[in-house]
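Novice: Generate a structure from the sequence data that follows.
(one chain, ligands or ions: 2)
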Amino acid sequence: MITTEIIKVNAAAPEAEALDRAATILRRGGLVAFPTETVYGLGASVYHPESVKRIFTVKGRPGDNPLIVHLYQWEQLTEIVAAVPEQAALLAKHFWPGPLTMIFPKKEKIPPEVTAGLPTVAIRVPSHPVALELLRRSQLPVAAPSANLSGRPSPTRGGHVVADLNGKIEMILDAGPTGVGLESTVLDLTSARPRILRPGGVTFEMLEAVLGAGEVEAPQFTKCDRPLAPGMKYRHYAPQAPLRLYTGDREKINCALLEGIRRETAAGKKIALLAFEEDRNAFQDLPGLSYFSLGERANPAESAERLFNLLRLCDEIGVDAIYAVAPPRSGVGEAVFNRLWKASGGNVEEIK
Ligand code: TXA
Ligand code: MG
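Specialist: Ligands and ions are numbered 1, 2, ... in the order given. You can find the predicted model right below:
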């Protein structure tokens, strides 16, 4: 155990003193958790391979999962990237700073610890004022995965980071809730056609609008809801209780859920339901049920903002099972669906 300094900072206008202390820690090879507009990140200088290794240790992260490098401006890119494809400038102009990560061939000097030995490197410029100012003051490229224990939902509140990493890292900057709530879109620019590896706040539709129709490869997940490789790890973003995801016809889902919840709660089980505001009335006054709202069905950005916090709440109140209703899969809804699907570990019921 070490002493973790936990500092509350103003999200819109972060205090210079706190940022300078955090930047100094990074320059000396320490670990700092900081807010971004997506989720909190756990940062280390890319030029301190031992510190980067420590990120994997404190998170319990598998060594073959590469990190994202965070920059504060486009001009730093050539410090890290060996070749910048044409599309990158266009995408950066539209989406940086913001929740888009792009993958490039890396320069020799970027240590293998950052990229898990891959010849490519993932990069993004976050838009959160605390992240941007910290990166600017440190004058470092900062490798940062989400600041959670591996396998747990990513942190969208300072308290989530404290729960997972207190006593393990040098500093936590707590600026309250993050905005987007889900991790950035990861776009591979080293394949023939830009390919979405992870859906996020910058949607397929937004990318196509900039690069042209047919120029972006949708997440494979959209085409095929079954894991492609047997070795693929199923459960990410996972709460402790098993999560069952319901897709299909809304009315029929509600009927099936009501029946299932009545049966389970009558047997003494504690159940959590993640559903939309519109469905709240259907599930009122059910003893043993905790109803958590994902917001309005037509507003996936709200669902994104709430999701990880709700999954952690389910753990805190200690439920036996979680049922979740799938959002419509367009825009940011695709990313919300992706995280719920991963949290379910493939436990999906389609109700037609
Ligand atoms: O919004 C975010 O992206 C947050 C904040 C902190 O920036 N970070 C984040 O990092 O979610 P992490 O480590 O939890 O997720 C990084 C993802 C992983 O799925 C990783 O496999 C992928 O990016 N990735 C990183 N480098 C890669 C590379 N060179 N090739 C393919 N995938 C890569
Ligand atoms: Mg993560």
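Novice: Unless I misread the structure, residue 137 falls within a helix.
Specialist: Yes: when DSSP: H, G, I helix; E, B strand; the rest coil is applied, residue 137 is found to be in a helix.
Novice: what's near enough to touch it?
Specialist: Contacts for residue 137 (Cβ atoms under 8 Å, 6 or more residues apart in numbering) come out as 19, 20, 22, 23. C-beta: built from backbone N, CA, C; applies to glycine.
Novice: Can you give me the pLDDT of residue 107?
Specialist: pLDDT for residue 107: 98.
Novice: Next up, the contacts around it.
Specialist: Residue 107 is in contact with 79, 80, 81, 82, counting by Cβ under 8 Å, 6+ apart.
Novice: re earlier: most surrounded residue in the contacts of residue 137?
Specialist: Greatest neighbour count in those, by other Cβ atoms under 10 Å, goes to residue 22: 28 neighbours.
Novice: Now that residue: which helix or strand?
Specialist: Per DSSP states H and E, residue 22 falls inside helix 16-27.
Novice: After the one helix or strand in the chain whose mean pLDDT sits lowest, heading C-terminal, what element do we hit next?
Specialist: The helix or strand of the chain with the poorest confidence is helix 220-223; it has a mean of 53 (mean pLDDT, DSSP states H and E). Per DSSP H and E, the first helix or strand lying C-terminal to helix 220-223 is strand 243-248.
Novice: List, one by one, the residues from this protein near ligand 1.
Specialist: Residues of the chain found near ligand 1 (Cβ under 6 Å from any ligand atom) are 36, 38-39, 41, 65-68, 99, 101, 103, 115, 118, 120-122, 126, 144-146, 183-184, 186, 197-198.
Novice: Just the ones of those in strands?
Specialist: Judged by DSSP state E, the residues of the chain next to ligand 1 include 41, 68, 101, 103, 120, 121, 122, 186, 197, 198 as members of strands.
Novice: neighbours of the nearest residue to the second one once chain neighbours are set aside, just the number please.
Specialist: Just to be clear, that refers to residue 68. Nearest non-adjacent residue to residue 68, counting by Cβ to Cβ, 6 or more residues apart in numbering: residue 122, 4.5 Å away. Using other Cβ under 10 Å, residue 122 has 24 other residues around it.
Novice: mind listing what residue 122 touches?
Specialist: By Cβ under 8 Å, 6+ apart, the residues touching residue 122 are 66, 67, 68, 69, 101, 102, 103, 115, 186.
Novice: Assess the claim that the first one and residue 112 are in contact.
Specialist: Yep, that's residue 66 we're talking about. No: if you go by Cβ atoms under 8 Å, residue 66 and residue 112 don't touch, sitting 9.5 Å apart.
Novice: what about those two, which has more around it?
Specialist: Neighbour count, other Cβ under 10 Å: between residue 66 and residue 112, residue 66 has more, with 20 against 13.
Novice: nearest residue to that one other than its sequence neighbours?
Specialist: Counting by Cβ to Cβ, 6+ apart, the residue nearest residue 66 is residue 116, at 4.1 Å.
Novice: now that neighbour: how far from residue 237?
Specialist: Taking Cβ to Cβ, to the nearest Å as the measure, residue 116 falls 20 Å from residue 237.
Novice: Who does the residue lying closest to residue 123 once chain neighbours are set aside form a beta bridge with?
Specialist: Using Cβ to Cβ, 6+ apart and skipping the chain neighbours, the partner closest in space to residue 123 is residue 69 (5.0 Å). Under DSSP bridges, the beta-bridge partners of residue 69 are residue 123, residue 143.
Novice: Quick check: nearest residue in space to the residue of the stretch 201-350 of the chain found nearest ligand 1, chain neighbours excluded?
Specialist: Nearest residue of the stretch 201-350 of the chain to ligand 1: residue 201, at 8.2 Å (Cβ to the nearest ligand atom). In space, and not counting its chain neighbours, residue 201 is closest to residue 99: 3.6 Å by Cβ to Cβ, 6+ apart.
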